[in-house]
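**Student:** coords below, sequence missing:
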């Protein structure tokens, strides 16, 4: 088996608050290989962003507690020293954030911000670093890159700002890119362009990509493998085809079923998953999706393990007690995959 | 929550590192939550108690004067003598030196150069200072809330006029305005229609201090109302047939109430300090009425020989203001949902 | 950009006018009081009062009174009847002391306020932060004249480390000037250091959680650089604007209390003495000019900030 680029084992992140301990990430394990795009999908509050940030040690709240292992090559990242992490950040692992409007320093010029990252990891002088910044801006498709170096963030459009973020992320040829909802704050046409950038990046440099999103359309566009998170845990994991054509968890059915389809007649109501995500202060015993699941039965009182339940596909894991036959039957609602109303 | 702009000295607490936090348990409003948080803040409660104790002591001034010290705040005992530890001493020595603390019923904390009992003056002065502070705060909060809500709600011309007036008063440095008004009103008092105030009435400094601080509170409230006004629940009320007065009373006012509550202790502290400063200069509480500020100014000249004249009222003043300040900080922390700083004391050993 | 500057300057002029009117009204037009008697002060004779009434035009309509008053003030003709001196001359003589106090204290409180605010934020939650917060709270709760009196008693009178008040002009003896100014500087600064360190601390802590700081860390730059170039620089902007307002206020009259305690013979002390004797003309002139100064400085600061902050400079907003 080839060595994975990044291996995450039993990652746990908890926050101590006035009301108690919030277990935001509860035993998450996955891996990313070079040249592949792993999508982490889930709704707000499921723990996907916290996972992404913790990988690089960016979860710095003083009341956070960590557990588990994050292996990058030979190094253990969780609990590593600030200096060790600093050398990796921006150079070997880079991150692109959700809101380009607030992610850039408003009173510093673009060129300087990109050059700053370059100079943090190389010996280049300011002039040379700025030249490299210009090359990067060109590479991500920003017109008149030379002029743009002296621009301030508020002078650029949202799409342009996100391209600048990507340029910064690429500046030191990272081997892994973590993109946290990179297109959520942008409109659809720009979204397509940004995703194209991600594809190009992967093709040109064979970097791995972790794409964190709640948008299944984005997932379908670029992902190779998908991990579905719910209430701090992974509920399903598999290749893109496995997930879209053979989903094995009711939550995934709900997600797929709630996509508005252009190729079907308009439904009377847009299907949605009933109920709300559980409080992470006191997650339900047993299967966490249980309270919202119309297919719940007695065994669901015990938390299922994340494992491959159909022997022929070792890469496809899920957390649901239903038998494979039951799953195939129950996920058909009105002729397509979905979650029937409870 | 309380949108206090950067020119307000209110050092607001801090945003959390990750905003993962469950919603509050159902049915508990922000005030109940705030009260719970406040109860956990031992320091704030302790200092609030300190302030309360001082207030109660000062309110008991007449009791102390009659039953313990047997004298009034302005009664001169220059030629009297008092027995201390078996020795008879002059209340005011031949060189004008007043007696220090006797730790007895009479002249417990000593006398001043006019032979007046310091302890009695301290309590009466405290009563005056606190009274001025309280009335001033009342004036400020009432008028500022009124002006802030009306200006923010009606906008347009009304707001234009009111905001300009607020800016004008605020452009005037607080101390200067206080001095101007204080000096001007000290000699002749003021009469506006039916309202006649003598120059040495306590209401004069209270009025001055109250008015001077109106913009300090009105501007943030106005800012908050301007924002609230745009929200849907105001439109909903209007569509439901509510008139502007009703909307301001039942929709807007409850939402700015926490800002108001947070401001009250701050204003009391500011008012007490400004009163002390103005009285010290002579533009505040006028003589015959004692106040901590006038006592300090009386005592400063005699510091080398009789430092208790300055220190005694000074310490009381600092304790009172410190008490209300720390308590006020606690109130603000309790009502501000972003105040997660307290948890950092538990998280010393956190990973980063 | 020029549009912004022009608008700001026009607004400044309007405010100056309004302040002059307000000051005039406060001193000359309060109901129930004879403005002439007020101006004459405590020790006045009926002849003086009548002469004042004529000279200042109190029998004229109110707008004429206003014009007369303004003319007298701006041309330096106002005299104190109780002291028989020209107010503006006195002010000119007292100005160096006030400026010495304000500028020295201003530098100290800005530097120390920023330093303590930075330390508090970096060690947020730990003992040193709590200790600094307590000190700041005490500083904010202590009136400056009390602190001055205490400082004088212990450090000057008892311990003789510092002189017992008084002012020595810089031009006369720089070393003595410094020696006499240190204690007043520190005392005046204490209040502001308390306030500024808390404001900066909370501003820093807020900024540290801004998205762009997270980006900066993700870029892999050193923590020190993140703190200095991203967090501090952005947090300082509101602090400096606050500082200029406070500095103006100190010159404009906040120094009154400190000067009178330390006997510095500055403009503030002149005002304080005049107030104590209810000698109105100097108070009126000082208040008016002080307020003017604050308004002008505030406008200048706004313009300078517009020049510095690229967001305003480029969009004119």
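**Tutor:** In hand now; what should we look at? Bear in mind that the values here come from a model prediction, so they are computed numbers and not experimental data.
**Student:** from here on, contacts and neighbour counts on C-alpha atoms
**Tutor:** Fine.
**Student:** ok, now which ones touch the closest residue to residue B:318 other than its chain neighbours?
**Tutor:** Closest residue in space to residue B:318, ignoring its immediate chain neighbours: residue C:142 at 5.3 Å, by CA to CA, 6 or more residues apart in numbering or on different chains. The contact partners of residue C:142, by CA atoms under 8 Å, 6 or more residues apart in numbering or on different chains, come to B:317-318, B:321, C:191.
**Student:** what does residue A:218 give?
**Tutor:** Contacts for residue A:218 (CA under 8 Å, 6+ apart) come out as residue A:195.
**Student:** Close to chain B: what parts of the stretch 1-150 of chain A are there?
**Tutor:** By CA under 8 Å from any CA of the partner chain, the part of the stretch 1-150 of chain A that sits against chain B consists of A:15, A:17-18, A:22, A:24, A:45, A:59-66, A:79, A:82.
**Student:** If we use 6 Å, what do you get?
**Tutor:** Counting by CA under 6 Å from any CA of the partner chain, the residues of the stretch 1-150 of chain A close to chain B are A:61-63.
**Student:** which sections of the stretch 201-342 of chain A are below the confidence cut-off?
**Tutor:** Within the stretch 201-342 of chain A, the stretches with pLDDT under 70 are A:342.
**Student:** tell me which strands and helices the helix ranked longest in chain B is in contact with?
**Tutor:** Secondary structure of chain B per DSSP state H: the longest helix is helix B:118-154. When contacts are defined as 3 or more CA pairs under 6 Å, 6 or more residues apart in numbering or on different chains; DSSP states H and E, helix B:118-154 packs onto helix B:42-59, helix B:203-212, helix B:214-229, helix B:253-281.
**Student:** Leaving out chain neighbours, which residue sits closest to residue C:232?
**Tutor:** According to CA to CA, 6+ apart, the nearest residue to residue C:232 is residue C:204 (6.7 Å).
**Student:** And for residue A:146?
**Tutor:** residue A:134 (5.8 Å).
**Student:** what's around residue A:273, how many residues?
**Tutor:** Residues lying near residue A:273 (other CA atoms under 10 Å in any protein chain shown) number 20.
**Student:** so which strand or helix has the residue nearest to residue C:232?
**Tutor:** helix C:174-208 (DSSP states H and E).
**Student:** Can you flag which of the contacts of residue C:142 belong to helices?
**Tutor:** Those of the contacts of residue C:142 lying in helices (DSSP H): B:317-318, B:321, C:191.
**Student:** returning to what we had before: contacting residues around the following helix or strand past the helix holding residue C:204?
**Tutor:** Next helix or strand after helix C:174-208 toward the C-terminus (DSSP H and E): helix C:211-218. Contact with helix C:211-218 is made by A:89-90, A:102-105, as judged by CA atoms under 6 Å, 6 or more residues apart in numbering or on different chains.
**Student:** Can you add neighbour count and give those back as JSON lines?
**Tutor:** Converted to JSON lines, those look like this (neighbours: other CA atoms under 10 Å in any protein chain shown):
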{"residue": "A:89", "neighbour count": "27"}
{"residue": "A:90", "neighbour count": "31"}
{"residue": "A:102", "neighbour count": "17"}
{"residue": "A:103", "neighbour count": "21"}
{"residue": "A:104", "neighbour count": "27"}
{"residue": "A:105", "neighbour count": "22"}
